[in-house]
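Participant: Structure, please.
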Amino acid sequence: MAVAAITIASPGAKDNPKLKAVSDVDIEKSGKFKYILIKVHDPDKEREFKHIVRGYADCGFHAEIYDKIVPEIETNGLDCECLGGGRILHEPAKRTIQVYGYSQAYGQADHKITASILQRKFKDYEHITWSNEGY
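Facilitator: Purely as a prediction, here's the structure:
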């Protein structure tokens, strides 16, 4: 059986200056924290989008993360939607990241997409894993 490819961004996203201006990943340097997966798209070019990951320890709720990031996205002339959330355990000393859980407000993010985005950012990490278990 063929494994479906994971779509992190549309083919044109890499050439779109507005989408390129938004970082793919902004998470805590270490620790356990909530995160959300966001789809950012250009309203002027309907089919151009990319997924981004945001996670902050100072946000007690997934909605706080979204509220924090939306103004930055909209300032760049883009639109966004939250695709779900979960938790991240980031252990840079071990070079590992675990993605798991869900958001009560937004539901469970597609952790496969999140892990793929994180793997592109943290190329030197030994293990970036995900699970649909846990809270």
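Participant: So what does residue 28 have for phi and psi?
Facilitator: Backbone geometry at residue 28, expressed as degrees, to the nearest 10, gives phi -60, psi 150.
Participant: could you list every residue that touches it?
Facilitator: 55, 56, 57, 88, 90 (Cβ atoms under 8 Å, 6 or more residues apart in numbering). (Glycine included, C-beta is placed from N, CA and C.)
Participant: Kindly reformat these as TSV containing neighbour count.
Facilitator: Below are the contacts of residue 28 laid out as TSV (neighbours: other Cβ atoms under 10 Å):
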residue	neighbour count
55	26
56	17
57	15
88	26
90	23
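Participant: ok, so of the residues you listed, who is nearest residue 133?
Facilitator: Set against residue 133, the nearest of those by Cβ to Cβ is residue 88 (14.3 Å).
Participant: my guess is the closest one contacts residue 27, does it?
Facilitator: Yes: contact criterion Cβ atoms under 8 Å: residue 88 and residue 27 qualify, at 6.2 Å.
Participant: joint contacts of those two?
Facilitator: 33, 35, 55.
Participant: gap between the two ends of stretch 12-32?
Facilitator: From its first residue to its last, stretch 12-32 covers 34 Å (Cα to Cα, to the nearest Å).
Participant: Please work out the average pLDDT along it.
Facilitator: Across stretch 12-32, the average pLDDT comes to 96.
Participant: Kindly report the same for stretch 64-83.
Facilitator: Average pLDDT, stretch 64-83: 96.
Participant: Buried by neighbour count: which residues of it qualify?
Facilitator: For stretch 64-83, the neighbour count (16 or more other Cβ atoms under 10 Å) marks 65, 66, 69, 73, 76, 78, 80, 82, 83 as buried.
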